[in-house]
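Visitor: Dropping the sequence and predicted coords here.
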Amino acid sequence: MARLLGRVYNGDELTFTPAERNTITFVNNRLYKHKVLRVNYTTYDLRRSQDSLNPRPHADFMVLSHEEDEHGNTDHPYWYGRIIGIFHVLVHHSGPMSQSKEPKPMQFLWVRWFGRDMSIRTGWKVKRLHRIGFLESGDVSAFGFLDPVLLIRGVHLIPAFHYGRTMALLPPSIVRNTSEQDEDWVYYYVNM
């Protein structure tokens, strides 16, 4: 709804009333699932490159963070997530706020979000990789939908083997690969 209304994503999920949400319909009630998402990005030496992301072997990504401290500074510039599904739909928006009568194609990602471990200092100054872990499934921010345009690129995460695996963050679910046996790594390190 926010994208249809031209509202810029600022990191917060906007809420809409049921009446506002009912003005959106999927043409022919169809949702199309894709296997691969390609993300173009600029490398450190100013060349063009491309990442191929998909929900199985290479699903982790980074987006710009929208968090600021009390002084307006960004503590860490990125948020991290894992792609669960890649979709597109043909959307028809009706009602008083509609900007077009024509159906509009929309791409979106279904994602599971990571949160940063704030219990340790990380970064270049302390010579320690940033440590992240999945948000607990009960957290309202644990899952979400994201415009693929917001992805910066894929990210390489290294499981923190020392902390092991857990089932506490998410009960058995379709969002995991079957090879993970309903367990998540407690923490991952973000490879820089």
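Guide: Good, I have the coordinates. Numbering: from 1, shown residues only.
Visitor: how far away is R165 from L135?
Guide: 16 Å (CB to CB, to the nearest Å). For glycine as for every other residue, the C-beta is placed from the backbone atoms N, C-alpha and C.
Visitor: okay, those two: which has more neighbours?
Guide: Using other CB atoms under 10 Å as the criterion, R165 and L135 rank with L135 on top: 18 against 15.
Visitor: which residues touch that one?
Guide: Going by CB atoms under 8 Å, 6 or more residues apart in numbering, L135 touches 112-115, 141-142, 169.
Visitor: Skipping its backbone neighbours, what lies nearest it in space?
Guide: Nearest-residue entry for L135: A142, 4.1 Å, with adjacent residues in sequence omitted and distances by CB to CB, 6 or more residues apart in numbering.
Visitor: That neighbour and E136 touch, don't they?
Guide: Yes: in this structure A142 lies within contact range of E136 using CB atoms under 8 Å: 6.4 Å.
Visitor: Those two: which is more packed in?
Guide: Residue environment comparison for A142 versus E136 gives the larger neighbour count to A142, 18 against 12, counting by other CB under 10 Å.
Visitor: Now stretch 134-148: buried residues?
Guide: Within stretch 134-148, the residues that qualify as buried are 134-135, 142-143, 146, 148, counting by 16 or more other CB atoms under 10 Å.
Visitor: could those go into TSV alongside pLDDT and secondary structure?
Guide: Shown next, in TSV, are those (pLDDT from 0 to 100; DSSP: H, G, I helix; E, B strand; the rest coil):
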residue	pLDDT	secondary structure
F134	93	strand
L135	93	coil
A142	91	coil
F143	93	strand
L146	91	strand
P148	93	helix
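Visitor: Make TSV out of these and add distance to N177.
Guide: Shown next, in TSV, are those (distance: CB to CB, whole Å):
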residue	distance to N177
F134	14
L135	19
A142	18
F143	16
L146	20
P148	21
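Visitor: So which of those is the closest to L5?
Guide: Distance ranking of the buried residues of stretch 134-148 against L5, using CB to CB, places L146 first at 16.9 Å.
Visitor: so what's the closest one bridging to?
Guide: When bridges are assigned using DSSP bridges, the partners listed for L146 are L109.
Visitor: Contacts only, for it.
Guide: Here L146 is in contact with 63, 81, 108-109, 111 (CB under 8 Å, 6+ apart).
Visitor: Can you list the strands that the strand ranked longest in the chain pairs with?
Guide: Among the segments of the chain that qualify as a strand by DSSP state E, the longest is strand 78-93. Applying DSSP bridges, strand 78-93 is found paired with strand 24-34 (antiparallel), strand 60-64 (antiparallel), strand 104-116 (antiparallel).
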